[in-house]
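S.K.: When you get a sec, could you give me coordinates for this:
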Amino acid sequence: MTMYVLTTFHMQFVQKFLILLTFSLLIFSCSRDKVMDVECDDTDYPTYDQEIKGLINATCAYTGCHSSGFGQGDYTSYETLSGEVGTTFLTEIRNGDMPPDFADGPKVLTEAEIMAFECWAQGGYLEN
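M.R.: Below you'll find the predicted structure:
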């Protein structure tokens, strides 16, 4: 009888410990998200045609990834991309999830490129 109570006590302790550990990991992992506080020139926001299209073509819309017919967003034109912005588009860029590690082109965006996307969003995703 004593052995059963001791075992139950240990199982409850381990269960509580694992819950606390999981909760702690979730809190600390969320605090490491890379979100930039950017100040953009509100008189000269980047536009899709002038700056963003080149970034998209080099880092997102290449064969096998965000190209025509790609199931998770076609970024080959402003019209097809504009339906995607405002969802997880900017969050994935901020967090470093895009471009992915398997990308043909650059696998990491520079701070200037991230800032261009941030300012494009702040300016209302202008086309031209």
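
S.K.: Which residues are in contact with Phe70?
M.R.: Contact partners of Phe70, counting by CB atoms under 8 Å, 6 or more residues apart in numbering, are Gly64. Bear in mind the C-beta positions are built from the backbone N, C-alpha and C, glycine included.

S.K.: close enough to count as contact, Asp49 and Leu81?
M.R.: No. Under the criterion of CB atoms under 8 Å, Asp49 is not in contact with Leu81, lying 11.9 Å apart.

S.K.: quick one: which of the two has more around it?
M.R.: More neighbours surround Leu81 than the other of Asp49 and Leu81, with 22 against 12 (other CB atoms under 10 Å).

S.K.: what kind of secondary structure is the more buried one in?
M.R.: Counting by DSSP: H, G, I helix; E, B strand; the rest coil, the backbone at Leu81 sits in helix.

S.K.: Tell me the spacing between it and Glu127.
M.R.: 10 Å (CB to CB, to the nearest Å).

S.K.: Give the residues shared as contacts by the two.
M.R.: Common neighbours of Leu81 and Glu127 (CB under 8 Å, 6+ apart) are Tyr48.

S.K.: And the residue nearest the centre of this protein?
M.R.: Nearest residue to the geometric centre of the chain (CA atoms, centre = their mean): Glu92, 1.2 Å.

S.K.: Could you report the neighbour count for the residue nearest to that one when sequence neighbours are not counted?
M.R.: Nearest non-adjacent residue to Glu92, counting by CB to CB, 6 or more residues apart in numbering: Met98, 4.4 Å away. Met98 has 20 neighbours, counted by other CB under 10 Å.
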